[in-house]
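[1] Requesting a structural model of the entry that follows:
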Amino acid sequence: MQMGNLAVRFLAELAVLAAVGYWGFTLNAGGLVKTAAGVGGPLLLVVIWALWGAPKAAMKLEGAAHLVLDVAWFGSGVLALWAAGRLTWALILGVVYVVNLALLLIWKQG
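    Presented below is the predicted three-dimensional model:
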């Protein structure tokens with residue numbers, strides 16, 4: 001079960017990137033803005049995670065600071081889905097995140 005929880009975590013991280021990209025490409029804006037948001041949003045998240053959130057990050061945050069980053073990361077995916085009008089998917093991602101985080105903390109996986 002613990003390995004399954006880690007797999008869910010990874011898939012949820014990918015879902016956040018997809019959600020932010022989807023939001024960008026659904027903006028009510030010109031093609032250049034949509035492309036910039038749809039590609040740039042996920043790239044920005046990848047850079048942030050690589051610098052401060054990833055297990056082997058050069059400047060990995062610990063404790064409460066890492067938790068804030070984690071909530072902001074997944075919150076951005078939930079908010080992106082909500083802003084794109086995908087409320088059900090936003091709710092599903094939010095619930096998956098909360099349950100996953102609770103299990104990570106209980107099983108001391110993070």
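
[2] Which pLDDT value belongs to the nearest residue to residue 58 once chain neighbours are set aside?
    Leaving aside its sequence neighbours, residue 58 sits nearest to residue 51 (CB to CB, 6 or more residues apart in numbering; 6.6 Å). All C-beta spots, glycine's among them, are computed from the backbone N, C-alpha and C. For residue 51, the pLDDT comes out at 97.

[3] Go ahead and confirm residue 101 touches residue 70.
    Yes - if you go by CB atoms under 8 Å, residue 101 and residue 70 touch, sitting 7.2 Å apart.

[4] roughly how far apart are the residue of the chain positioned farthest from its centre and residue 84?
    For the chain, the residue at maximal distance from the C-alpha centroid (CA atoms, centre = their mean) is residue 30, at 25.4 Å. Separation of residue 30 from residue 84 (CB to CB, to the nearest Å): 17 Å.

[5] Repeat that for residue 6.
    Distance from residue 6 to residue 84, counting by CB to CB: 28 Å.

[6] So for the two, which sits in the more crowded spot?
    Relative neighbour count places residue 84 above the other of residue 6 and residue 84, with 18 against 15, counting by other CB atoms under 10 Å.

[7] what sits against the more buried one?
    19, 22-23, 26 (CB atoms under 8 Å, 6 or more residues apart in numbering).

[8] In helices only, show me the residues you listed.
    19, 22-23 (DSSP state H).

[9] How about residues contacting stretch 19-38?
    Outside stretch 19-38, the residues within contact range by CB under 8 Å, 6+ apart are 39-42, 45, 76-78, 80-81, 83-86, 89, 93.
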